[in-house]
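Q: Model the structure of this input:
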Amino acid sequence: MSKKKKPYHHGNLRRALIDTATELIRERGMPEFTLRELARRLDVTHAATYHHFKDKNALLAAVAMDGHEALLGRLEESVEGASGSGQAIRSVGETYISFAGENAAHFGVMFAYTLPNEEGPTARIRGIFERLLREVERDGLVSGSPKVLAASAWASYHGVASLLIQGCLTEADDLAMLTERAYQCTVRPMPLAVAS
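A: Down below sits the predicted model:
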């Protein structure tokens, strides 16, 4: 006789659902699971999951928000010891790319599932841009629009991160050099050598 599942009456089911979903995403490399499967793993009724998330997309949006909060925390830490704005911009890039490499499946979910409100991951995505923009604005040697330069740097860092998690780049590749070139090409473009 199978054990009857009970509604979740202890702990924090919302947190447990987010954590278990994140574990499954890491295990499988993609968000392939159902709320019913999560309920079975947590030994709760299927209905209990709906007290916290109206559907799987809402849960994945919460997983994405968790990822953005973790990334923003790492970005803040990365610029604390930077000796100058240029170094801080580089640190943001290195941290962004290493976070993507360490959390490949989670990183994909972070940019695939958003909520159209200020409390959702969309606001956290803007937070990443704003963190980079602050450092670009502090950089006294930049020329041009800080917003354009910050967006260009972010696009370059995100491109390297995406290539890394898709297997086109590996940890053996010189990611520090790629990050440096992304910085130089966007924030501090070097003049092209003119052939004589």
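
Q: you'd agree Ala64 is in a helix?
A: Yes: in this structure, Ala64 lies within a helix as judged by DSSP: H, G, I helix; E, B strand; the rest coil.

Q: count of residues packed around Glu102?
A: 11 (other CB atoms under 10 Å). Using the backbone N, CA and C atoms, a C-beta is placed for each residue, glycine as well.

Q: wait, what's in contact with it?
A: Counting by CB atoms under 8 Å, 6 or more residues apart in numbering, Glu102 touches no other residue.

Q: So it versus Ile165, what's the distance?
A: 10 Å (CB to CB, to the nearest Å).

Q: go on, Val63?
A: Distance, Val63 to Ile165, by CB to CB: 16 Å.

Q: Which stretches in this protein count as helices?
A: Using DSSP state H, the helices of the chain run over residues 13-28, 35-42, 46-49, 56-80, 85-102, 104-112, 121-138, 146-165, 175-186.

Q: I'd like the ones you listed as TSV, with mean pLDDT appended.
A: Shown next, in TSV, are the helices of the chain (pLDDT from 0 to 100):
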stretch	mean pLDDT
helix 13-28	92
helix 35-42	91
helix 46-49	88
helix 56-80	89
helix 85-102	87
helix 104-112	87
helix 121-138	78
helix 146-165	88
helix 175-186	79
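
Q: residues contacting the closest residue to Ala182 other than its chain neighbours?
A: The shortest distance from Ala182 to any non-neighbouring residue, by CB to CB, 6 or more residues apart in numbering, is to Ser156 (3.5 Å). The contact partners of Ser156, by CB under 8 Å, 6+ apart, come to Gly93, Ala182, Tyr183, Cys185, Thr186.
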